[in-house]
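# what's the 3D shape of this:
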Amino acid sequence: MINNTRKLVLIAIMVSLSVIIGVIDAQISVAVAFFAYTKLGLANIIVLLFVTKFKFKDCLILVILKSILVSFILGSLITFVISIFASLLSFIFMFYIYKKTNVFSLIGVSVAGSFIHITTQIIVVTIIYNISIEVISLHFIRLSLISLFTGVLIGFVTIKLKKYLDSNENLNF
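Purely as a prediction, here's the structure:
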């Protein structure tokens, strides 16, 4: 069992790390034309790792702080609204299917979370900007395919990172 001070420090470090990764991720999407307007979701490696190790409340704090800080650094109120809804819904879904079912691997959990995130973003954007389904459907298809790739990537990296952390007594949390 982890004591409260250590847990608080660990959450703060992981929030910081997820924000740094989120900012770098945004720069990658700007630099690579194929990913225009799409982040890879690399900060979700930290979120998914937290889902495997911590309780709901601790993970929720991480997700909310990550969304607030990345939106504050990179975006606007609109990007925050889109981000917070998508992040919260995908996190809740990932947490539930990882903790309450034994059906999905971390890659499956990541792919499901990635798809829920993209779907929620599309729904929120459609509502905020009053965009018709016909207009956004092609974008949704492209983003869904990208979310499949990024979900597998995030899940794979998280598995490797979890194995490394679990095997190292000093890094295990």
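
# For G75, give its distance to K39.
As for G75, its distance to K39 is 11 Å (criterion: CB to CB, to the nearest Å). All C-beta spots, glycine's among them, are computed from the backbone N, C-alpha and C.

# tell me the helices in the protein, going along the chain?
4-31, 44-53, 56-74, 77-99, 106-129, 133-167 (DSSP state H).

# which other helices and strands contact the third one?
Taking 3 or more CB pairs under 8 Å, 6 or more residues apart in numbering; DSSP states H and E as the contact definition, the neighbouring helices and strands of helix 56-74 are helix 4-31, helix 44-53, helix 77-99.

# Output that helix in PDB with nothing but the alpha carbons.
Provided in PDB are the C-alpha atoms of helix 56-74 (Å, rounded to 0.1, in the frame of the first residue of the first chain):
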ATOM      1  CA  PHE A  56     -10.800   5.500  -9.700                       C
ATOM      2  CA  LYS A  57     -10.500   8.700  -7.800                       C
ATOM      3  CA  ASP A  58      -6.700   8.900  -8.300                       C
ATOM      4  CA  CYS A  59      -7.000   8.300 -12.000                       C
ATOM      5  CA  LEU A  60      -9.900  10.800 -12.200                       C
ATOM      6  CA  ILE A  61      -7.700  13.500 -10.700                       C
ATOM      7  CA  LEU A  62      -4.900  12.700 -13.200                       C
ATOM      8  CA  VAL A  63      -7.300  12.900 -16.200                       C
ATOM      9  CA  ILE A  64      -9.000  16.200 -15.100                       C
ATOM     10  CA  LEU A  65      -5.700  17.900 -14.300                       C
ATOM     11  CA  LYS A  66      -4.100  16.700 -17.500                       C
ATOM     12  CA  SER A  67      -7.100  18.000 -19.500                       C
ATOM     13  CA  ILE A  68      -7.100  21.400 -17.800                       C
ATOM     14  CA  LEU A  69      -3.400  22.000 -18.000                       C
ATOM     15  CA  VAL A  70      -2.900  20.900 -21.600                       C
ATOM     16  CA  SER A  71      -5.900  22.900 -22.700                       C
ATOM     17  CA  PHE A  72      -4.600  25.900 -20.800                       C
ATOM     18  CA  ILE A  73      -1.200  25.600 -22.400                       C
ATOM     19  CA  LEU A  74      -2.300  24.800 -26.000                       C
END
